[in-house]
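Participant: Structure for the following, please:
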Amino acid sequence: MKWKPDIGRNGWILLLGLGLWGLIACAPVERRAVAAELAQRRIRVVTTTTLVADLVRQIGGDRVEVVSLMGPGVDPHLYRARESDVWRLMRADLIVYHGLHLEARMGDVLAGMARWVPAVAVSEAIPSDQLLYLEGEIPDPHIWFEVRLWKQAAESAARALSDLDPAHTTQYQTNLLAYQRELEALEAWVRAEVARIPPEQRVLVTSHDAFGYFGRAYGFEVRGLLGISTASEAGLADVQALAEFLARRRIRAIFVETSVPVRYLEAVQEAARARGWSVRVSGPLFSDALGEPGSPEGTYIGMIRYNVRTIVQALQGE
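Facilitator: As a prediction, the model looks like this:
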């Protein structure tokens, strides 16, 4: 049977066709059998995005072995599950994903796997009244750009690990508190850096509308050429409207993102030039994924610091 990345309503029939049903049927019994054994080995955690993977590593420390299905620069809005992803998910002790429809095309896969493998969305820790919504209904998933909210998301990871491995709850809680203190320091640093930009210049224009929480938290007016999902397309009217806004407000820089093609903003740049205003395409900013492993931007804290420095320098004309 040919593999179809989007597992829909009949997804478990597809898994049967792939010869995985025996593994699925035995999973609940097997997991009960290894519950006590988890305390003696590292926990296998499979995450969807690099952001979630970093969060789990910070809380789990040396107790976890983390695999991220998506790598640096991968757009989670468009990502489709592969056959190898299903195998990794089935072999996990714990699945941790973002939620809020960020992994939109993996929704059926994650919902199906949750029947057999413990799964948690880190966004579950965020009260609904703290979320931003598109047209009052669709939640904006990019909560990590408000450091205060990511601090809350860390609690979901700590709770999931503690529920699975209660013998090491103290270690997870200690790691959680230490990481939250680091995030508090990061929050203070971001506010100090942003204060260097005059309020009237705090306009952030990016490839897609991923920075709404950043704008709310740190006093930026935010515009994105695409919507909150990169699955949408920018039309000529969108390009022209944004170019008019840039020329009228005399915005110095717009920002490309690592997970979105630069051609979208290059079209805006040309349209602004036609109106007599030169705007620089700056960045790239990290939006939906972290940088390469081992680089400063390969961690959440490093990514936020890089983004803020890039924004401040560009908007100040440095």
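
Participant: only C-alpha atoms for contact and neighbour calcs from this point on.
Facilitator: Fine.

Participant: In contact with residue 224: list those residues for me.
Facilitator: Residue 224 makes contact with 205-210, according to Cα atoms under 8 Å, 6 or more residues apart in numbering.

Participant: And for residue 48?
Facilitator: 68-70, 96-98, 103.

Participant: For residue 171, state which of those is nearest.
Facilitator: Residue 171 lies nearest to residue 96 out of the contacts of residue 48, by Cα to Cα, at 18.7 Å.

Participant: Pretty sure the closest one sits in a strand.
Facilitator: Yes: assessed with DSSP: H, G, I helix; E, B strand; the rest coil, residue 96 lies in a strand.

Participant: Give me the buried entries from the contacts of residue 224.
Facilitator: 205-210 (16 or more other Cα atoms under 10 Å).

Participant: Just those: which are in strands?
Facilitator: 205-208 (DSSP state E).

Participant: For the buried ones among the contacts of residue 48, write the corresponding ChimeraX selection.
Facilitator: Only the buried entries of those go into this ChimeraX selection, using 16+ other Cα under 10 Å:
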select :68,69,70,96,97,98,103
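
Participant: Identify the residues contacting the nearest residue to residue 223 once chain neighbours are set aside.
Facilitator: The shortest distance from residue 223 to any non-neighbouring residue, by Cα to Cα, 6 or more residues apart in numbering, is to residue 205 (4.7 Å). By Cα under 8 Å, 6+ apart, the residues touching residue 205 are 222-225, 253-255.

Participant: Take the residues you listed and lay them out in JSON lines including secondary structure and pLDDT.
Facilitator: Formatted as JSON lines, the contacts of residue 205 follow (DSSP: H, G, I helix; E, B strand; the rest coil; pLDDT from 0 to 100):
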{"residue": "222", "secondary structure": "strand", "pLDDT": "94"}
{"residue": "223", "secondary structure": "strand", "pLDDT": "90"}
{"residue": "224", "secondary structure": "strand", "pLDDT": "83"}
{"residue": "225", "secondary structure": "strand", "pLDDT": "83"}
{"residue": "253", "secondary structure": "strand", "pLDDT": "93"}
{"residue": "254", "secondary structure": "strand", "pLDDT": "92"}
{"residue": "255", "secondary structure": "strand", "pLDDT": "93"}
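
Participant: For residue 116, state which of those is nearest.
Facilitator: residue 224 (38.6 Å).

Participant: Show me where this structure has its strands.
Facilitator: 43-47, 64-68, 94-97, 119-121, 133-134, 138-139, 203-208, 221-226, 253-257, 280-285.

Participant: Thought residue 97 was touching residue 120, still the case?
Facilitator: Yes: using Cα atoms under 8 Å, residue 120 makes contact with residue 97 at a distance of 6.4 Å.

Participant: Let me have the strands of the chain in TSV, extended by distance to residue 295.
Facilitator: As requested, the strands of the chain are exported to TSV (distance: least, Cα to Cα, whole Å):
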stretch	distance to residue 295
strand 43-47	20
strand 64-68	16
strand 94-97	23
strand 119-121	26
strand 133-134	33
strand 138-139	31
strand 203-208	23
strand 221-226	27
strand 253-257	17
strand 280-285	15
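
Participant: do you know which of those lies nearest residue 77?
Facilitator: With Cα to Cα as the yardstick, what comes closest out of the strands of the chain is strand 203-208 (11.4 Å).

Participant: which one of the contacts of residue 48 is nearest residue 197?
Facilitator: Nearest member of the contacts of residue 48 to residue 197, counting by Cα to Cα, is residue 98, at 31.5 Å.

Participant: residues contacting residue 268?
Facilitator: Here residue 268 is in contact with 239-240, 242-243 (Cα under 8 Å, 6+ apart).

Participant: try 7 Å
Facilitator: Applying Cα atoms under 7 Å, 6 or more residues apart in numbering to residue 268 gives the contacts 239, 242-243.

Participant: Against which helices or strands is the lengthiest helix in the chain packed?
Facilitator: For the chain, the longest helix by residue count, based on DSSP state H, is helix 169-194. Here helix 169-194 touches helix 50-60, helix 147-164, going by 3 or more Cα pairs under 7 Å, 6 or more residues apart in numbering; DSSP states H and E.

Participant: Report the angle between it and helix 50-60.
Facilitator: 130 degrees (axes from the mean of the first three to the mean of the last three Cα atoms, to 10 degrees).
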